[in-house]
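>>> okay, predicted coordinates and the sequence, questions at the end:
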Amino acid sequence: MMRRRAVVGALVLFAAGCSRPAEEKAASPQPPATGPIHAPDGALQPVVRPPGKGLDAGALQRIRRRELYLQGLISAGGSAAPTLAAAYGELGRVYYAFGLPESAIPCYANAARLQPSSFEWPYLLARALWRGDKGDEAIAALGQALALQPQDLPALVLLGDIQRAMGRVEPARQAYERAVAVSSRCAPALYGLGEIAVLEGNFRRAVEMFEAALRVQPEASRVHYPLSLAYGRLGNTAQAQRHLGLRGDVDPALADPLYDAVLRLNPVTYARRGQDALQAGNLAQALQLLGPAAEALPEDPEIRMHLGAALARSGNFEGALEQYRTAVRLQPTNPRAHYNLGTTLTSLRRDDEAVVALRRAIELHPEFPQALFNLGQAMRRLGRDAEALPLLDQTLKLSPTHEPGRLARARVLARLGRCREAVAGIEEGVTILPQSRPLKSGLARLLAACTAEGTADPARALRLAEQVFADEGSADNAANVAFVQAARGQWKEAVLWQRRALELLPEGQQADAGPLTAQLEGYQAGKLEFEW
Amino acid sequence: MKAVLGAALIGLVAGLLAWDARASAPQTARPAASPSGDWFVDVAPSAGLRFVHRSGRAGEFYFPEISGAGVGVVDYDNDGDLDVYVVQSGRLKAPGDASGRSSEPRTGQDSDRLFRNDLAGPGQALRFTDVTAKSGIATRGYGQGVAAGDYDNDGFPDLYVTSFGPNQLLRNRGDGTFQDVTGVARADDPRWSTSASFADLDRDGWLDLFVANYVDFVFPIHKQCTSRAGKKDYCGPTSYHPLPHRLLRNAGNGSFEDVSLRSGVAKSAGNGLGVVAADFDGDAWPDVYVANDQMENFLWVNGRDGTFRESALTAGLALSAAGAAQAGMGVDAGDFDNDGDEDAFLTHLTGQYTTLYVNEGGLQFSDKSLLAGLAGPSRPMTGFGAAFLDVDNDGWLDMLTVNGTVSAIEGLVSAGDPFPYHQPKQLFMNKGDGTFREASREGGAALAVSDVGRGAAFGDLDNDGDTDVVITQIDGPARVLLNQVGSRRHWLGVRLLTGKRDALGAVAVLKREGERPLRRRARADGSYLSANDPRVLFGLGSSVRPGVLEVQWPDGRRERFRGLGVDRYVTVQQGQGERIR
């Protein structure tokens, strides 16, 4: 007790007479880099400095700097409680960001004790405790945080998530319901309530909650799968099927600036989250995360490739090229880097350059089906059919279910007048993949228009094309029927089907209307112009 | 009925003869029930099972290094006790050829090991003898898993050894030696294969082979991943592309036909790590469930015409209740709630949980992990080898998981641990009400020891009527966990034979007056990279009441057997029971 009073006195004196010491100033004289950082107050926990053997030099430097700063404050004595709290808290953040939640825990706990009015420290403490699988302690810390800010949504949702993960349904429900009471648009809480309803077998309620979550965040594709199962349990197979088809990996999200600020301290974490976002199809978030990660870790070829992929998928092919070129420079023996570069070049129709990059990828990894296929495609487009064919053969040898490879091979063969082989290849594909509409459409086109070697069978072609359209009434499939009709010389029918294709073109794909219209004009004039 | 008893007696006598023949061998003291009351005791060193896994890791963090290797418990010499086959990984070195995978022979310290069980009698001390040299086994590639099944119906179980590189079918000649028949049997798969399952999928009397493949990692596309601490670490499966699995149909003439495409199995690619064949829809045809790592699991429902329909999504077996793809590693199927159908569970990554899927009938499953009390305790662990087993023979299937992470554990890294991936094992006891309680502490020091656990093979090594476990770990010794508690209760062990071989896939239901029927499946598959005891064990609790055994054989026929007794192993032979129509 005496000691505590003395410390408090010292803190008050420091606060009265000094401004916040600079880190450099506090760092002198340097304490040893090992051993615990002892607290100035017996009520506070010592911080055991991690040995740092598994840390890279940059991370260790940042951690040691924060440790020194805190140690300096303590050694100097007299720091105001909020100053000391901030120093503990900042060290906790750095520990956590670099994968040391166990070390972060006493830091946050001390910060919370020194600054009991601050929501931030018990909240981050709860995060660290949960990361360290200390569920009950995390719940206690969240209780402390929520006493200060009872309406904090990230804290309420985290509380619900932890309770649910620990199998405690009722407390989880209460936490989520509190969140929904604060904001009826809190998608993660609605989702959590849906999951609880599933656990309880209340599928009607589950549907209600999941649908509500999706109304708020339609992009939260993760919700579709449990929603599909819930609909299935209610006997609504149509909705079950629909949501099954929409399932994805994007979680219902909630802005959490406090936690994000911690994660931002480590570009590796940033890069990982960016990669996760990319895999989940959340391109905007991927770009937001991967850009800074690439700046912070400029020599990391994997981050360059992920950033390149995010840029390419966003339509920024030039930006993607720059990233892939950097990846190739950083790791010239990496076949994926060359492959990505080549594939992006093919997207830009720069096939001559693409061929060089893809050849290099295959030299480095001879059994690389995608590289073989893309090189075959580039060769085909360049009219180098004889060179394309073995590449596409090899693609199918390595990956017999490669639909685009099979179609590309058939087109090359058709162009070479080897209709029998072209048809046989697609027939084999249909045997392997009987549900494949692209293969059936391709077969219909071959049977309609590949006339060499007596393989044409216009009647079967029409049946196939109509069957595919009946399975999926899309613009592409309507245009395919039109093509077959035109090949049969049924120009009136061809015109009708082509018009239908134009009508079926989805909004946002009007760019495809040009080629369809040109074909329509051809059919109207009794002409079928195409290239295999 | 007489015939059945006769068969059982013959088995018993043969077993006794075998035990007598080895009675002069030096004995190792049987570990008495642990003074501390531990439920499992590691007897590997005293039993002579000395095997240390070698991952060949040299700081490059090649992906296969972290997958470990499996183990099989298989009675290769047909002497009535389970022998142990341990897969070695070996050196991991880029080859000179275009395959990009390892293909070198595993020799010397890098070779797989076969340990013969020289058990003197039920419950006697375990003693293993390394008979690898005599067995003629020579394997290649970077070893992964082992599956056991008698593909040629000669009464001796054969082995299928998977690898990152070529797989091998090792035919058991019946004289203690094995012959590599991969080429003539057309059973190879050059890709990265993991777990495999022998099952008579077309019910023609010959065991077919389902091989789970993992990802398209090859040395040229090795990726470098980084831990949060900024150090090199292993990448996950999403860094590579999944591979289609392979289905080999047994032609019945010593060879297999690759029907992967025709059956539909190769139409989907998955990061397969675990596989179990069981009848999930109750139509008496085996289906195949594949645990895929970080993506949707597959349930191949048998179309009864040589084709399979992937149905995991609609069945609720693909993703967690939350719709998340989990990192499926170990898998098992069993009737944990004794309601007469196959439930399933899978082990996953840290931060996910061990997922229990309860069969609701009509090919619908529910993820009940949270309410079953599994999610919370399993969340910190990365589980691999795993199985349903009745540890205490109370008639309810418990669960044991073998753990060890795939990315460095941050606390261990910062503490300077040289291989910071190790975790203790976990035991979950079935409370009989659909829930489990963690009983790892009661399991004892053998469970608490922290290993980078991977393979786990489950079976009654000492024939005392309870399930023991052989465990492998990365770069560490194999463990033999001898069950100390199961035999304190009553039990019945049954070997189910069709022709000369174990009737893998047969389902035995033990019916006793006043008790719930117990349904158990004869299987060697499941777990992770490992092969299990094909015999079924019924835990009878305190009851010695005789029961009636109803068996559904793999061909769909059903028979009834009576007078089997308790606290012993019996053999029942297809065709020698009362026919059930």
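It's in.
>>> any weak-confidence spans in the chain?
No chain specified, so I'll use chain A. For chain A, the stretches with pLDDT under 70 are A:1-34.
>>> that's the wrong chain, I wanted chain B
Scanning chain B with the threshold set as pLDDT under 70 gives B:1-35, B:96-98.
>>> quick one: the most far-flung residue of it relative to its centre from A:Gly58, how far?
For chain B, the largest distance from the centre (CA atoms, centre = their mean) belongs to B:Gly230, which lies 36.2 Å off. Using CB to CB, to the nearest Å, one gets 6 Å for the distance from B:Gly230 to A:Gly58. (C-beta placed from N, C-alpha, C; glycine too.)
>>> overlap in contacts of these two?
Listed contacts common to B:Gly230 and A:Gly58 are nil; contacts here mean CB atoms under 8 Å, 6 or more residues apart in numbering or on different chains.
>>> secondary structure class for the closest residue to B:Val181 other than its chain neighbours?
In this structure, B:Val181 finds its nearest non-sequential neighbour in B:Arg171, 4.5 Å apart by CB to CB, 6 or more residues apart in numbering or on different chains. What DSSP: H, G, I helix; E, B strand; the rest coil gives for B:Arg171 is strand.
>>> so B:Arg171 bridges to which residues?
For B:Arg171, the beta-bridge partners under DSSP bridges are B:Gln179.
>>> so what's it up against?
For B:Arg171, counting by CB under 8 Å, 6+ apart, the contacting residues are B:Tyr151, B:Asp152, B:Asp158, B:Phe178, B:Gln179, B:Asp180, B:Val181, B:Ala185.
>>> try it again with 7 Å
Contact analysis of B:Arg171 by CB atoms under 7 Å, 6 or more residues apart in numbering or on different chains lists B:Asp152, B:Asp158, B:Phe178, B:Gln179, B:Val181.
>>> tell me how far the second one lies from A:Gly35.
Think B:Asp158. 59 Å.
>>> mind listing what B:Trp491 touches?
Contacts for B:Trp491 (CB under 7 Å, 6+ apart) come out as B:Asn393, B:Gly465, B:Asp466, B:Leu537, B:Phe538, B:Gly539, B:Leu540, B:Val566, B:Asp567.
>>> er, A:Leu246 actually
Neighbours of A:Leu246 in contact, by CB under 7 Å, 6+ apart: A:Ser221, A:His224.
>>> got phi/psi on it?
phi -100, psi 0 (degrees, to the nearest 10).
>>> B:Asp367 now?
According to degrees, to the nearest 10, B:Asp367 has phi -80, psi 110.
>>> neighbours of B:Thr472, just the number please.
32 (other CB atoms under 10 Å in any protein chain shown).
>>> tell me the secondary structure for the nearest residue to it once chain neighbours are set aside?
Across the structure, with CB to CB, 6+ apart as the measure, the residue nearest B:Thr472 apart from its sequence neighbours is B:Gly455 (3.9 Å). B:Gly455 falls in the strand class when you classify it by three-state DSSP.
>>> quick one: B:Gly455 and B:Ser530 touch, right?
Yes - using CB atoms under 7 Å, B:Gly455 is in contact with B:Ser530, at 4.5 Å.
>>> which neighbours do those two have in common?
By CB under 7 Å, 6+ apart, B:Gly455 and B:Ser530 have these common neighbours: B:Gly70, B:Val71, B:Gly385.
>>> with that, I have no additional questions.
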